[in-house]
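Q: Structure, please.
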Amino acid sequence: MRVRYWRLGITDLLDSSYPQEKANHWDIKCMQGEYEHFGVFWYRFGTPFDKEPVHGICFYYNDVPKKTVDDLANFLQGKFGGQLLYRQSRGFLQGSKEFADGKAVGVLANEISLKFNAPVELTIEFEKMTKEEVDQEAWKLPAEKALPIPGPD
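A: Presented below is the predicted three-dimensional model:
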């Protein structure tokens, strides 16, 4: 089954021990105000850009100053490389380093939180999980934050 863990904290991911190959997607949301926020995310099979997927780390932003967007883009590009592309309110680092390891995602979330002086919230989605793995917290992720996703794996 597919499962999304949402509203996770940094330590939830730092303490986790899931198999990276089962991760489909992760997202780090950084709140800058009531409606102002940005996020950094990754999809295993690429993020849609026009009709073709772009592989690499991506980000989105909503009502944040251009300086914050530029700072975020420079920070991510300096850390993970890639060619910077923009589409509406999203940025893509095409060809950047990709990762799904909980510790690496947790460290990045912590760095973003400290750099932009704001709280972060994490989401991660998995495929091919069993109900027992979720219920017994086999990967050291809190079962109460797991949402099963209907449909095939």
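Q: Per-residue pLDDT of N110, please?
A: N110 is assigned a pLDDT of 98 by the prediction.
Q: give me the element the most centrally placed residue in the chain is part of.
A: With distances taken as C-alpha atoms, centre = their mean, D27 lies nearest the centre of the chain, 2.1 Å away. When elements are assigned from DSSP states H and E, D27 belongs to strand 23-31.
Q: For the residue lying farthest from the centre of the chain, which non-adjacent residue is closest in space?
A: Within the chain, the residue lying farthest from the chain centre (C-alpha atoms, centre = their mean) is E132, at 24.6 Å. Residue nearest to E132 in three dimensions, not counting chain neighbours: A138, with 7.2 Å by C-beta to C-beta, 6 or more residues apart in numbering. C-betas here are computed from N, CA, C, even on glycine.
Q: What strand or helix carries D70?
A: Element membership for D70 (DSSP H and E) is helix 66-80.
Q: Tell me what angle that helix forms with strand 23-31.
A: 140 degrees (axes from the mean of the first three to the mean of the last three C-alpha atoms, to 10 degrees).
Q: List of residues touching helix 66-80?
A: Under the criterion C-beta atoms under 8 Å, 6 or more residues apart in numbering, residues 32, 38, 40, 56-57, 59, 61, 84, 91, 93, 96-97, 108, 112, 115-116 lie in contact with helix 66-80.
Q: Could you list the buried residues of that helix?
A: Within helix 66-80, the residues scored as buried using 16 or more other C-beta atoms under 10 Å are T68, V69, L72, A73, F75, L76, Q77, F80.
Q: Determine which two of those residues are furthest apart.
A: Maximum pairwise distance in the buried residues of helix 66-80, criterion C-beta to C-beta, is 18.2 Å, between T68 and F80.
Q: where does E34 land on pLDDT?
A: So, for E34, pLDDT stands at 85.
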